[in-house]
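> Any chance you could fold what I've pasted below:
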Amino acid sequence: MTHDCKGGLTYGDNCGKRCADRHCLNNSTCEANTGLCVGGCQPGWKDLDCSNECNDRYGAECSLDCNTRHCKNNNSPCHSRTGECVGGCKPGWMNATCTQQCAQGHYGDGCSNQCKDRQCYTNGTCDFQTGRCFGGCQAGWEGQSCTSECTDGKYGMNCNAICGECANELCDRVTGNCTDGCSDGFEGHLCKEVSPQKASDSTTVVSSAVMGVLSIIVIIQFVVIIRYILIVRKVRASSGPSVSFSNKPITRTTTTTSSVYEVVDDETNVRSPPAERVANTQNGQTNGTQHDYVNSSHQAERSGENGNHYDRLDVDVIGAGSPYSKIEV
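The predicted structure follows:
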């Protein structure tokens, strides 16, 4: 049951709540039944009478979320009125609640560092949290923050290039020029061009190496051929007699079976033609009896006139070494 509270000092059921305990934004009147704060509550407080504190939220009417802050300590308490991060903010964030990003050109803890102090390729712009240069570093610098000079032997953007054949092995970290000149055999401002003399020497060395390899190949092939010939000869010798060839003229020997001749006396009435009659002159003597010699291996043919006709001798019986000589009849 609600009663009219006196003097605006209390409100609510049985006037049990004090108007002074409210957290009204201004000196609001105190409505007897609800205690309504006309004009709203102070930051960190809520409800009609602004008597309940914010939970996991903060600010006016508890409109801000404590989880959106970037406190360095993730367990930092969240004050219901201010939302302040106890222990400060993470890099790249600022103000009490750590909800504001660093202004452009600044980065790091408390946004106290400036990107222009780095050698960024993009004219002093960098990541607001880490300071990493967008687009890499200017020539002669390296690292995520582009604050380290190129190490010896390197040059150019992000120090990705390698120095040439410099006389002192060092080059300008920005341009790569060899300040003390080139080593022997190289030329150009970067000392990366081979001089003509060195190139000629290199060609000679390569040619010599190629010739050496070819010579070894020829020798190996020769040894293989010789070995093959020896193996073939050995196999032929073990398998049977070999056949050899000679350039000497071939001498043919012909054995002729001598014909057997018989002497025919005048009394037999068998005569050979006069041109083939011979006389025995063996031992230098001439036999007075004339004989006809015929080849006994041939059979005589007899004509119808009873004339005797004989084949001519098969061999020359009056030639060299013959015991017979030709006589005229």
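> Only alpha carbons, please: show stretch 105-115 as CSV.
Taking Å, rounded to 0.1, in the frame of the first residue of the first chain, the C-alpha atoms of stretch 105-115 are listed here in CSV:
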residue,chain,number,x,y,z
GLY,A,105,51.6,8.9,-37.7
HIS,A,106,51.9,7.5,-34.1
TYR,A,107,52.1,4.0,-32.7
GLY,A,108,53.0,1.9,-29.7
ASP,A,109,52.5,2.1,-26.0
GLY,A,110,50.5,5.2,-25.2
CYS,A,111,50.9,6.2,-28.9
SER,A,112,54.1,7.9,-27.9
ASN,A,113,56.2,6.8,-31.0
GLN,A,114,56.1,8.5,-34.4
CYS,A,115,56.2,6.6,-37.7
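> Buried residues of it, list them for me.
Of all the residues in stretch 105-115, those buried under the rule 16 or more other Cβ atoms under 10 Å are His106, Tyr107, Gly108, Asp109, Cys111, Asn113, Cys115. In this view, the C-beta of every residue, glycine as well, is placed from N, C-alpha and C.
> Show me the contact partners of it.
With Cβ atoms under 8 Å, 6 or more residues apart in numbering as the contact definition, stretch 105-115 has outside contacts at 88-89, 91-94, 102-103, 116, 124-131, 133.
> And the buried ones among the residues you listed, selectable in PyMOL?
Restricted to buried positions by 16+ other Cβ under 10 Å, the PyMOL selection for the contacts of stretch 105-115 reads:
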select buried, resi 88+89+91+92+93+94+102+125+126+127+128+129+131+133
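> residues touching Leu214, list them.
Leu214 touches nothing, counting by Cβ under 8 Å, 6+ apart.
> Just the element for it, please.
Secondary structure assignment for Leu214, by DSSP states H and E: helix 196-239.
> for the record, mean pLDDT for that helix?
The average pLDDT within helix 196-239 is 78.
> now swap in stretch 104-114 and tell me
Stretch 104-114 comes out at a mean pLDDT of 92.
> again, but for stretch 19-28
Rounded mean pLDDT across stretch 19-28 is 88.
> Now the terminal residues of that stretch, how far apart.
In stretch 19-28, first residue to last residue: 10 Å (Cα to Cα, to the nearest Å).
> Ok, stretch 96-113 next?
19 Å.
> same thing with stretch 114-133?
With Cα to Cα as the measure, the ends of stretch 114-133 fall 12 Å from one another.
> pLDDT score for Glu149?
92.
> Would you check how far apart it and Trp141 are?
6 Å (Cβ to Cβ, to the nearest Å).
> can you check Glu165 too?
When distance is defined by Cβ to Cβ, Glu165 is 24 Å away from Trp141.
> what's the answer for Asn95, then?
33 Å.
> Pick out whichever of these two has more residues nearby.
Shown here are Asn95 and Trp141; by other Cβ atoms under 10 Å, Trp141 has more neighbours (24 against 13).
> where does the stretch 1-150 of the chain have low pLDDT?
1-4, 6-7 (pLDDT under 70).
> what ranges do the strands span in it?
10-11, 17-18, 45-46, 52-53, 57-58, 64-65, 93-94, 100-101, 106-107, 113-114, 141-142, 148-149 (DSSP state E, counting those that start in this stretch).
> most packed of those strands?
strand 141-142 (a mean of 23; mean count of other Cβ atoms under 10 Å).
> And the contacts of that strand?
Looking at what lies outside strand 141-142 - Cβ under 8 Å, 6+ apart - the contacts are Gln119, Thr147, Ser148, Glu149, Cys150, Thr151, Lys154, Asn158, Cys159.
> Show residues contacting stretch 16-26.
8-11, 28, 30, 35, 37-42, 44-45, 49-51.
> List only buried entries from the residues you listed.
By 16+ other Cβ under 10 Å, these give 10-11, 28, 30, 35, 37, 40-41, 44-45, 49-51 as buried.
> Pick out the most distant pair among these.
The span of the buried ones among the contacts of stretch 16-26, defined through Cβ to Cβ, is set by Thr10 and Gly44 at 23.7 Å.
> gap between His79 and Cys98?
As judged by Cβ to Cβ, His79 and Cys98 stand 13 Å apart.
> So between these two, which is more surrounded?
It is Cys98, of His79 and Cys98, that has more neighbours when counted by other Cβ under 10 Å, with 21 against 18.
> Please list all residues in contact with the more buried one.
Arg69, His70, Cys71, Lys72, Cys85, Gly88, Cys89, Lys90.
> shouldn't Cys150 be in contact with Arg173?
Yes. Contact criterion Cβ atoms under 8 Å: Cys150 and Arg173 qualify, at 4.2 Å.
> Return every residue with contacts to both of those two.
With Cβ under 8 Å, 6+ apart, Cys150 and Arg173 have common neighbours Gly140, Cys159.
> higher neighbour count, the two?
Comparing Cys150 with Arg173 by other Cβ under 10 Å, the one with more neighbours is Cys150, at 24 against 21.
> so what's the more buried one up against?
Here Cys150 is in contact with Gly140, Trp141, Glu142, Gly156, Cys159, Arg173 (Cβ under 8 Å, 6+ apart).
> ok, back up a step: okay, the buried residues of stretch 105-115 in JSON lines with distance to Asp180 next?
Output for the buried residues of stretch 105-115, formatted as JSON lines (distance: Cβ to Cβ, whole Å):
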{"residue": "His106", "distance to Asp180": "42"}
{"residue": "Tyr107", "distance to Asp180": "39"}
{"residue": "Gly108", "distance to Asp180": "40"}
{"residue": "Asp109", "distance to Asp180": "43"}
{"residue": "Cys111", "distance to Asp180": "45"}
{"residue": "Asn113", "distance to Asp180": "37"}
{"residue": "Cys115", "distance to Asp180": "35"}
